[in-house]
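S.K.: Predicted model and sequence follow; I will ask about them next.
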Amino acid sequence: MDRRHFLRTAAAFSALTALTAAEFAPWQAVSAFAREVEEFVRGPKVKDHPLRQVSKHVWIIFSPDGFPTPENQGMMCNITFVNTARGLVVVDSGASVQIGEMAIRQAQKAFNKPVVAVINTHYHGDHWLGNDAFATAYKNVPIYAHPGTIREIQGIQGNLWRTLLEQWTNQATAGTRIVVPTQPLEHGNELKFGDVTLRMHHYGKAHTPSDICVEVVEDKLTCVGDVAMDRRIANMDDGSYLGTFKTYDALEKNTRSTIWLPGHGEPGPDVLKWNRELFEGIYRSCEQAVKDGLPMDDAKAMVLKDPRVASRAKDTKGFETNLGKYVSLAYLEAETAGF
């Protein structure tokens, strides 16, 4: 509904209410108008996406799309439910209040349990804007994140991501409130929910400066957020290739996980390996170009020839449209690291 249509509808409503009850029974029209007003200020509902079990305690609502569009209404990030004896814990709540409400509907169908905690892995909006739905449905539910993530959402990132999602989805996410996490999580913190222990991992700047990876200890599974992705090229604007490699090394050393659950793509045992090889192909090629004194255009040509990159070109979402930017970021990081 555009603004011109809205104004015409508002004028029609004013005329309608001027009629007497004897002339016209307005209730159906009033109800229709109310629905149109709500859609004008709030995006439409999101269709249901099924829950899928990944391990004994972990279920996900899988998102097949890599990037937000008007058609998918911003449904681009996996939403994770950890089923514990005390209730459900949500890891990453989705990109809008509408997506969060859809996730709640699905959880209510599958589990007769309340949501007792929400964890946001980092401050990119597709992972936390759904907080609005959970905070509304479950009063006083604690929402956790790294202190750096909390600061960023309180600051510029909150409104920035809300605006970006509205633009990318043609206002499908409109009506979403910024609900900032309030409970800080540091590296090594553990949250215990009866039969399930969640252990937090943070090893410095990776995808962002404040990523939290959530280990479900009993399931040998770790939710890695966007530190690693499957068949999608990760946004590295706020990140570090070298920091990402460090994080992969630490996760493999300090967890017993056999399943890595990414924010984007399929969970499985090879998620870190797949992403590491792609990033090594990008970064090491740029690193060599810097050592050889070659310009960035030559570095990009080297990246495209690297078999670790070339082998992933066809099945990686966003490869062609994003590779140039990620090469430039890797080149600049390699230049800085070389000083």
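M.R.: Thanks, I have the structure now. Please read these numbers as outputs of a predicted model, since none were measured by experiment.
S.K.: all strands of the stretch 151-300 of the chain, in order?
M.R.: 183-184, 190-193, 196-201, 213-216, 221-225, 259-262 (DSSP state E, counting those that start in this stretch).
S.K.: Could you say which of the ones you listed is packed most deeply?
M.R.: Of all those, strand 221-225 has the most neighbours on average by mean count of other CB atoms under 10 Å, namely a mean of 28. From N, CA and C alone the C-beta is placed, and that goes for glycine too.
S.K.: So what touches it?
M.R.: Strand 221-225 is contacted by residues 54-55, 58, 80, 91-92, 121-122, 127, 201, 207, 211-216, 251, 255, 257-263, 267, 271-272 when judged by CB atoms under 8 Å, 6 or more residues apart in numbering.
S.K.: And the residue nearest to residue 101 when sequence neighbours are not counted, its phi and psi?
M.R.: Nearest residue to residue 101 in three dimensions, chain neighbours excluded: residue 133, at 4.5 Å (CB to CB, 6 or more residues apart in numbering). Residue 133 has phi and psi values of phi -60, psi -40 when expressed as degrees, to the nearest 10.
S.K.: Distance-wise, check residue 133 relative to residue 173.
M.R.: 12 Å (CB to CB, to the nearest Å).
S.K.: list residues touching both of the two?
M.R.: Shared contacts of residue 133 and residue 173, counting by CB under 8 Å, 6+ apart, come down to 97-99.
S.K.: Take those residues and keep only those in helices.
M.R.: Counting by DSSP state H, the shared contacts of residue 133 and residue 173 place 97-99 in helices.
S.K.: any idea which of those residues has the most stuff around it?
M.R.: residue 99 (33 neighbours; other CB atoms under 10 Å).
S.K.: Can you verify my assumption that that one contacts residue 45?
M.R.: No. Between residue 99 and residue 45 there is no contact under CB atoms under 8 Å: 9.8 Å.
S.K.: what bits of the chain have low per-residue confidence?
M.R.: For the chain, applying pLDDT under 70 flags the ranges 1-40.
S.K.: try 90 this time
M.R.: 1-41, 66, 112, 233-235, 313-315, 317-322, 338-339 (pLDDT under 90).
S.K.: domain parsing for it?
M.R.: By the record's domain assignment, the chain is partitioned as 3-41, 51-219, 279-338 (automatic domain parsing).
S.K.: okay, those domains in JSON lines with distance to residue 238 next?
M.R.: Shown next, in JSON lines, are these (distance: least, CB to CB, whole Å):
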{"stretch": "domain 3-41", "distance to residue 238": "31"}
{"stretch": "domain 51-219", "distance to residue 238": "5"}
{"stretch": "domain 279-338", "distance to residue 238": "10"}
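S.K.: Single out the most deeply packed of these.
M.R.: Taking mean count of other CB under 10 Å, domain 51-219 is the most buried of the domains of the chain, at a mean of 20.
S.K.: for it, the distance to its chain's centre please.
M.R.: With CA atoms, centre = their mean, to the nearest Å as the basis, domain 51-219 stands 7 Å off its chain's centre.
S.K.: Distance of the residue nearest to residue 205 when sequence neighbours are not counted relative to residue 208?
M.R.: Using CB to CB, 6+ apart and skipping the chain neighbours, the partner closest in space to residue 205 is residue 243 (4.2 Å). Distance of residue 243 to residue 208, given as CB to CB: 10 Å.
S.K.: next one: residue 124
M.R.: Residue 124 is 7 Å from residue 208, by CB to CB.
S.K.: likewise residue 327?
M.R.: 20 Å.
S.K.: who are the neighbours in contact with the residue lying closest to residue 198 once chain neighbours are set aside?
M.R.: Nearest residue to residue 198, sequence neighbours excluded (CB to CB, 6+ apart): residue 191, at 4.5 Å. By CB under 8 Å, 6+ apart, residue 191 lies in contact with 89, 117, 144, 197-198, 200.
S.K.: Noted, bye for now.
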